[in-house]
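Trainee: Return a 3D structure for these sequence lines:
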Amino acid sequence: MPPPCDGGETIERGMMMIIRCLSVDVFRSAADLGDCTNGGISSRFRSLLVACPDGPEEIDASVSIPLNFCRIRKRYICGRDVYDIRPAAVDEYGDIVDRGGHWYMMGGNFAYTCDSRLAAMAGGLHTAIPVHDRREH
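Mentor: Numbering: from 1, shown residues only. Below is the predicted model:
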């Protein structure tokens, strides 16, 4: 298994700020419930780019950040680690942070890929990860 990806690494090459990413697929409910994300990114994209230091894709954050760029967040809730994927941005120091400083919540969609790097980022769990991209306006 590859080493865990913490999603917090940027690489500077001259004036470029390179972030390595892993592409994950978005899974939505087959029931016709409408858009429970309230316009979140998982309702607009079929795949998300999750920051991962050993990911196969690169983006140049000094030029622009794709709208489907995300990060994995780890929290400790009720005695266990819990992971979610949320919209992200890069601050002026090169740190990967939540986009817009908003409070995000689960919108009903999940992200998954068979690439073992996703499981490494999620504490070794080979499972779909909730996408927290819903926010109230």
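
Trainee: Identify each buried residue in the one helix or strand Leu22 maps to, please.
Mentor: Taking DSSP states H and E as the criterion, Leu22 maps to strand 16-27. For strand 16-27, a neighbour-count test (16 or more other Cβ atoms under 10 Å) marks 17, 19-24, 26 as buried. Any C-beta I mention is one placed from the backbone N, CA and C, and that applies to glycine too.

Trainee: Also stretch 85-98?
Mentor: 85-88, 90, 96, 98.

Trainee: Pull the most distant pair out of the residues you listed.
Mentor: The most widely separated members of the buried residues of stretch 85-98, counting by Cβ to Cβ, are Ile85 and Val90 (16.4 Å).

Trainee: The strand holding Leu22 packs against which elements?
Mentor: With contacts taken as 3 or more Cβ pairs under 8 Å, 6 or more residues apart in numbering; DSSP states H and E, strand 16-27 sits against strand 11-13, strand 47-51, strand 57-60, strand 80-90, strand 110-112, helix 116-121.

Trainee: pLDDT of the next helix or strand after the third one, averaged?
Mentor: The C-terminal neighbour of strand 57-60 among helices and strands, as given by DSSP H and E, is strand 69-77. Across strand 69-77, pLDDT averages out at 92.

Trainee: what lines up beside strand 69-77 in the sheet?
Mentor: Strand 69-77 has the following strand partners under DSSP bridges: strand 47-51 (parallel), strand 80-90 (antiparallel).

Trainee: what's in contact with that strand?
Mentor: 5, 7-8, 19, 21, 41, 48-51, 59, 81-89, 96, 98, 111, 121-123, 129, 131-132 (Cβ atoms under 8 Å, 6 or more residues apart in numbering).

Trainee: For that strand, which residues meet the burial criterion?
Mentor: Buried, per 16+ other Cβ under 10 Å, within strand 69-77: 69-73.

Trainee: Repeat that for stretch 127-137.
Mentor: Neighbour-count burial for stretch 127-137, with 16+ other Cβ under 10 Å as criterion, is recorded at 128-135.

Trainee: No further queries at this time; thank you.
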